[in-house]
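Participant: A structural model of the following input is requested.
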Amino acid sequence: MFKNSAFIVLIIGLVFSLSCDGGKKPANSKPAANAEVKKGVQPVADNEVAVIEMEQPAYGKIKIELYSNIAPKMVERFKQLAREGVYNGTTFHRINQSVVQGGDPLSKDNDPSNDGTGKSDKPDVPAEFSDIPYDTAIVGAARGADNNSANSQFFITLRREQGFDNRYTIFGKVIEGMNNVMTISGVSPKDGERPVEPVRIKSVTIEPK
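Facilitator: Okay, the predicted model is just below:
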């Protein structure tokens, strides 16, 4: 009887231990810094827009207004990378029911296993969180576990995503071509969230509004 009781206690302890371990952060993640949230500020579109032209004609163009009054550092970085041609030839490597995500320089190569793990050669961009809601067509800065780890990758929301609010930098919104974004979101086949056939960006240009 005692042996059986001891065995049950041991099993309960093991289960509890595993459930606690499930909440641990990955070993290579940085501690998330507390980021302030800019509140009550309405986005004001810059006098320049970003135009994404896709390599496949069926995916067309996507025009994005940019919000320097909300996220000046991320807008500056996005414009800089676009002007340097960093985004040309990259892919939308991650597509799910919530977002299409791209901007990884590593997606230019022939190794799909590293897509989503890369960034530019420039320093990471600190968090510029705001209370603008993540509605459909919002453009946000992708990041890792560290709030201050945004760099080159970005995503476009396909629907209202309340769980993203106050947690990811918003720096723009699609104002033309959201139908093309939705076409991209329906691409198949996929290996998990990555399209098997690359959905490639031909160019990102910064143009007068």
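Participant: which residues touch the nearest residue to G85 once chain neighbours are set aside?
Facilitator: Leaving out its chain neighbours, the residue that sits closest to G85 by C-beta to C-beta, 6 or more residues apart in numbering is S203, at 7.8 Å. (C-beta placed from N, C-alpha, C; glycine too.) If you count contacts by C-beta atoms under 8 Å, 6 or more residues apart in numbering, S203 has them with 52-53, 85, 87-88.
Participant: identify the bridge partners of K190.
Facilitator: Here K190 sits in beta bridges with P195, as judged by DSSP bridges.
Participant: centroid-nearest residue for this protein?
Facilitator: Central residue of the chain (C-alpha atoms, centre = their mean): A142, 2.9 Å from the mean position.
Participant: so that one is in contact with Q153, correct?
Facilitator: Yes - counting by C-beta atoms under 8 Å, A142 touches Q153, with 3.8 Å between them.
Participant: what are the ranges of the helices in this protein?
Facilitator: Using DSSP state H, the helices of the chain run over residues 2-21, 72-83, 178-185.
Participant: and the second one, average pLDDT?
Facilitator: Here helix 72-83 scores 98 as its mean pLDDT.
Participant: now do it: which elements does it pack against?
Facilitator: Contact here means 3 or more C-beta pairs under 8 Å, 6 or more residues apart in numbering; DSSP states H and E; on that basis helix 72-83 packs against strand 48-54, strand 61-66, strand 170-176, strand 201-208.
Participant: quick one, which of those is nearest to S120?
Facilitator: Comparison of the helices and strands packed on helix 72-83 against S120 by C-beta to C-beta identifies strand 201-208 as nearest, at 12.9 Å.
Participant: how about that closest one as PDB, C-alpha atoms only?
Facilitator: What follows is the C-alpha trace of strand 201-208 in PDB, where atoms were taken according to Å, rounded to 0.1, in the frame of the first residue of the first chain:
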ATOM      1  CA  ILE A 201       8.600  40.400 -53.600                       C
ATOM      2  CA  LYS A 202      10.000  41.900 -56.700                       C
ATOM      3  CA  SER A 203      10.600  45.300 -55.100                       C
ATOM      4  CA  VAL A 204       9.700  47.700 -52.300                       C
ATOM      5  CA  THR A 205       9.900  51.400 -53.300                       C
ATOM      6  CA  ILE A 206       9.300  54.500 -51.400                       C
ATOM      7  CA  GLU A 207       7.300  57.000 -53.400                       C
ATOM      8  CA  PRO A 208       5.600  60.400 -52.900                       C
END
